[in-house]
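A.B. asks: sequence and predicted structure below; questions after.
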Amino acid sequence: MLGLDVSTGVDGVVEKIEQLPTDLFAETLQSILVHLQDQNRAVDLIETCDKFQRAGISLDQKTVQDVTRLMSHYFRLAAKSNLNADILVNKLTECSSKWSKPTLQLVHKFWTEHGALLHAHQELLTMASTGQLVDIQWKLGMAVSSDTCRSLNSPFISVLMKIADTSGEMSYKSFEMTVQQFQNFHRQFKEMASVLETV
């Protein structure tokens, strides 16, 4: 579920978290928050490992990655579901009995202070999430018979768009346009392409 090593499991990751001094765990939570707000592409595992080693805590990069994945998962879950700090702590204790009270209090305090900000960011992402245009196909057709159309023998353009939504699901949108509408559509796509080249 979380991409954690089966041999380690959630309990093993929590045991490693419990080895961390409070200030280092707080810094780790802060770097995860920055990442989840898209202010940083990823949590720098090497830098985090170095901080731990300077503090006398010997955790390998894989363990630091597991800690980051675990806390990122629960922060995302809490942000998307708009969970308060009490419910987040309950979710953490459901996944492992190895949490100490001081560590859970730190997570509670951290989420109380920063959870609303991350929830607002998740809401913006949901509102701004649009599909990605994967493919567009078009073909020229000619209307030769119709029950409702009066002007037959006029050309039209049939367009099929393949769109990937934010979850990765593919959908198809199809529509028809007159030749003049298609020319205007084409011109607008060219304008968008030229604007995107300048970004």
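C.D. replies: Cool, got the structure.
A.B. asks: the strand or helix carrying Lys62: which residues count as buried?
C.D. replies: For Lys62, the element it lies in under DSSP states H and E is helix 61-81. By neighbour count on 16 or more other CB atoms under 10 Å, the buried set for helix 61-81 is 63-75, 78-79. Using the backbone N, CA and C atoms, a C-beta is placed for each residue, glycine as well.
A.B. asks: again, but for stretch 97-116
C.D. replies: Lys98, Trp99, Thr103, Leu104, Leu106, Val107, His108, Phe110, Trp111, His114, Gly115.
A.B. asks: would you list the phi and psi of the first one?
C.D. replies: What it means is Lys98. Backbone dihedrals for Lys98, given as degrees, to the nearest 10, come out at phi -90, psi 0.
A.B. asks: then the second one?
C.D. replies: The phi and psi torsions at Trp99 (degrees, to the nearest 10) take the values phi -70, psi 140.
A.B. asks: got a list of what it touches?
C.D. replies: Contacts for Trp99 (CB atoms under 8 Å, 6 or more residues apart in numbering) come out as Val14, Glu18, Leu92, Thr93.
A.B. asks: go on, the fifth one?
C.D. replies: For Leu106, the residues meeting the contact criterion (CB under 8 Å, 6+ apart) are Thr22, Phe25, Ala26, Leu29.
A.B. asks: just how off-centre is the host helix or strand of it within its chain?
C.D. replies: Secondary structure assignment for Leu106, by DSSP H and E: helix 101-128. Here helix 101-128 is found 15 Å from its chain centre; the criterion is CA atoms, centre = their mean, to the nearest Å.
A.B. asks: also compute the angle for it relative to helix 61-81, please.
C.D. replies: Helix 101-128 and helix 61-81 are oriented at 60 degrees to each other (axes from the mean of the first three to the mean of the last three CA atoms, to 10 degrees).
A.B. asks: about what we covered before: okay, and which of the contacts of Leu106 map to helices?
C.D. replies: Using DSSP state H, the members of the contacts of Leu106 that fall in helices are Thr22, Phe25, Ala26, Leu29.
A.B. asks: could you check the pLDDT of the second one?
C.D. replies: As summarised for this prediction, Phe25 has a pLDDT of 90.
A.B. asks: quick check: it vs Arg76, distance?
C.D. replies: Taking CB to CB, to the nearest Å as the measure, Phe25 falls 18 Å from Arg76.
A.B. asks: likewise for the third one?
C.D. replies: In this structure, Ala26 and Arg76 are separated by 19 Å, where distance is defined by CB to CB.
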